[in-house]
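[1] Attaching a predicted model along with its sequence, questions to come.
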Amino acid sequence: MPNTRSRSAADVDDVTEATRDEGVALLDRAARESLNISGDEFLARWDAGEYEDMDDPAITRVAMLIPFAR
Amino acid sequence: MEPLKDTLACIARAKFTLSRDGRSQRGKTHALILNKDEPVKLKCNPVLMLRVGMHYEIVPNDREGQERWRISTRAYSYELQSSSGELVWSYHWHPTSRMRLPHIHLGRTQLKEDAVLSYKAHHPTARVSLESIVRACITEYGVQPLREDWEQVLTLRESQFEAWRRWP
């Protein structure tokens, strides 16, 4: 069995939790990069169901960050 | 987090960021990303980059003799990009949306303009493990592994994934 613990500690060592402000900033940056809108606007559109026919991977990329801002 | 850390450590030096209370709060969907959502540069030529995102929930573990709580995946996005940030492919599973089944998107730059395959189409797949993505990076895309025992690690962690998952 491989010695998993020591190597993982060296290479993927840190697990941190984002604060809500950091999470909001993460989502805002992704929304601006991927969809050219703010994070707040993305969340408003998401909550309004505008992305229900979600065909664009760019939307998924931003949606994956929603728990950071909730 | 150990299985995920081990798996990623085969090809990447990266840090995990969890959403708030992502280590402890139950009854909520949490998110996990690498390097604050910056794609991770992989060791290969041409350079490729990996972005990983997952949603998970902390749920009771009903298996005797194991930890009291475990993580259950609720969604995933495994995305390979070129060095210029163009999408090569992304494996998705986000069952709260219209497309509930696992699928893959192929990057625009990987397709001809008159191709039948499209960027927005959801090409169905089975559920895809992070281990299989990391293995494909090494065996199919020339990524240099960062540890010699990567095959053993991926086999071990994938067998655990298969033992724990609640649906195929």
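    Now that the structure is in, tell me what you want to look at.

[2] now check stretch B:160-168, is it near chain A?
    No. Judged by Cβ under 8 Å from any Cβ of the partner chain, stretch B:160-168 makes no contact with chain A; its nearest approach is 10.6 Å. Heads up, the C-betas are built off the backbone N, CA and C, glycines and all.

[3] Report the buried residues of the top helix by length along chain B.
    Determined from DSSP state H, the single longest helix within chain B is helix B:150-164. Buried residues in helix B:150-164, counting neighbours by 16 or more other Cβ atoms under 10 Å in any protein chain shown, are found at B:150, B:153, B:154, B:156, B:157, B:158, B:161.

[4] Mind putting those residues into CSV with pLDDT?
    Output for the buried residues of helix B:150-164, formatted as CSV (pLDDT from 0 to 100):
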residue, pLDDT
B:150, 96
B:153, 95
B:154, 95
B:156, 94
B:157, 93
B:158, 92
B:161, 86
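
[5] between the residues you listed, which is closest to chain A?
    For those, the minimum distance to chain A (Cβ to the nearest Cβ) is 5.0 Å, reached by residue B:153.

[6] Would you agree that closest one is in contact with residue B:7?
    Yes. With contact defined as Cβ atoms under 8 Å, residue B:153 reaches residue B:7; the gap is 7.0 Å.

[7] could you pull out the helices for chain B?
    Counting by DSSP H, the helices of chain B are B:2-9, B:130-141, B:150-164.

[8] Same question for chain A.
    For chain A, the helices defined by DSSP H cover A:4-11, A:20-35, A:39-47, A:57-63, A:66-69.

[9] In terms of secondary structure, what does the worst-scoring helix or strand of chain B on mean pLDDT contact?
    Within chain B, no helix or strand scores below strand B:123-124, which has a mean of 86 by mean pLDDT, DSSP states H and E. With contacts defined as 3 or more Cβ pairs under 8 Å, 6 or more residues apart in numbering or on different chains; DSSP states H and E, the packing partners of strand B:123-124 are strand B:103-106.

[10] Adding distance to residue A:30 as columns, could you present the helices of chain B in JSON lines?
    Putting the helices of chain B into JSON lines (distance: least, Cβ to Cβ, whole Å) gives the following:
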{"stretch": "helix B:2-9", "distance to residue A:30": "20"}
{"stretch": "helix B:130-141", "distance to residue A:30": "20"}
{"stretch": "helix B:150-164", "distance to residue A:30": "27"}
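
[11] where are the low-confidence patches of chain B?
    Of all residues in chain B, none has pLDDT under 70.

[12] can you map out the strands along it?
    Assigned by DSSP state E, the strands in chain B fall at B:16-18, B:30-34, B:40-41, B:48-60, B:69-82, B:87-93, B:103-106, B:123-124.

[13] Just the pLDDT for residue A:9.
    pLDDT recorded at residue A:9 is 41.

[14] in chain A, which helix or strand is least confident?
    Within chain A, no helix or strand scores below helix A:4-11, which has a mean of 44 by mean pLDDT, DSSP H and E.

[15] looking at it, residue B:138 is touching residue B:148, isn't it?
    No. Residue B:138 is beyond contact range of residue B:148, at 12.0 Å (criterion: Cβ under 8 Å).

[16] higher neighbour count, these two?
    residue B:138 (20 against 10; other Cβ atoms under 10 Å in any protein chain shown).

[17] list the contacts for the more buried one?
    Residues in contact with residue B:138 (Cβ atoms under 8 Å, 6 or more residues apart in numbering or on different chains) are B:10, B:11, B:144, B:145, B:150.

[18] Good, we can wrap up now.
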